[in-house]
Structure formats: C-alpha cells, structure tokens
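K.L.:
starting from these lines, generate the structure:
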Amino acid sequence: QVRLVESGGGLVQAGGSLRLSCQVSGLTFTTASVAWFRQDPGKEREFVAAISWSGRTTDYSDSARGRFTISRDNAKNMVSVQMNRLKPEDTAVYYCAADSSKHFGDRGPASFDYWGQGTQVTVSS
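P.N.:
Coordinates of the predicted model:
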C-alpha cells in the first residue's frame, strides 16, 4: 500500500519560514518524481514545486521560485520543501504527490498517481 504522509505545517507570521516533509512508503522511491501542490478552499489545486527521481532536476512555480527549495533524501524515502519569506497568499493546504513512472516535467495534478492527506500552512499578516 502506497502512503504519503506530510508533516511540518502550521501557523507562521509573514516573512517567516516553514519546512514541510513528505514521508513516502510502499513504492520504489528512487524512481518516483515527487511534487508539492497547494489548494485553497474553492480554488484549483496549484503546482508549487517538483523534484525528479534522481534529485538532479527541480521545477518551481513562479510564486515559489527564489523562496522555496525542494529536496529529497532517497535513503529516508523523504521529500522536503523549505519555504522562506512566507506571504499570507501562501496560506493553503499543502499536498505532496508522487509519480511512479519516472517521468518528470508535467505540472498537472493528473500526472501524479499518489497523494498525501495534506498539511495546513497558515501565514498571518
């Protein structure tokens, strides 16, 4: 059974930082690309960042680039995203997602096979 479990969400003031982690089990982690998405109530799920199965390639949304850093530890089956200089508009539920096909580069949610339950990030002004 594939499981993705997010952790690290919480409440932070604008300008602060949070580090989200995603623990993955039940699939061949070393061939899975992993991404972070976020979603506000009433809005579509939005791509934030992704990292290839090898860790050599990353991709960021325009809003995340320069503030967020995605990384992976294949020995621990874990992907993290360090979020700095947070803004109130970063408030959302953050989800990690895995694509087990070794494909990388598609930002659409439909490209990802497995999803976590999400973790809430709230940035106060």
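
K.L.:
contacts, neighbours, all on C-alpha from now
P.N.:
Will do.

K.L.:
per-residue pLDDT, the residue nearest the centre of the chain?
P.N.:
Closest residue to the average C-alpha location of the chain: W36 at 2.1 Å, with CA atoms, centre = their mean. With respect to pLDDT, W36 scores 98.

K.L.:
that one and Q1: what is the separation?
P.N.:
20 Å (CA to CA, to the nearest Å).

K.L.:
test my guess that G16 contacts N84.
P.N.:
Yes: here G16 reaches N84: they are 6.2 Å apart, a contact under CA atoms under 8 Å.

K.L.:
the more surrounded of those two?
P.N.:
N84 (17 against 14; other CA atoms under 10 Å).

K.L.:
the more buried one against Q13, yeah?
P.N.:
No: judged on CA under 8 Å, N84 makes no contact with Q13 at a distance of 11.0 Å.

K.L.:
identify the contacts common to these two.
P.N.:
Overlap of the contact sets of N84 and Q13 (by CA atoms under 8 Å, 6 or more residues apart in numbering) is empty.

K.L.:
so which residues of the chain form strands?
P.N.:
Along the chain, counting by DSSP state E, strands occupy 3-7, 10-13, 18-25, 33-39, 46-51, 58-60, 68-73, 78-83, 92-99, 114-115, 119-124.

K.L.:
so what's the residue nearest to the centre of the chain up against?
P.N.:
Contacts of W36 (CA under 8 Å, 6+ apart): F47, V48, A49, A50, Y94, Y95, C96, A97.

K.L.:
from S125, how far out is it?
P.N.:
Applying CA to CA to W36 and S125 gives a distance of 23 Å.

K.L.:
and T30, by the same measure?
P.N.:
The gap separating T30 from S125 is 39 Å, by CA to CA.

K.L.:
neighbour count winner among the two?
P.N.:
Legend: neighbour count by other CA under 10 Å for T30 and S125, higher for T30 (17 against 11).

K.L.:
these two touch, right, that one and R72?
P.N.:
No: contact criterion CA under 8 Å: T30 and R72 do not qualify, at 9.9 Å.
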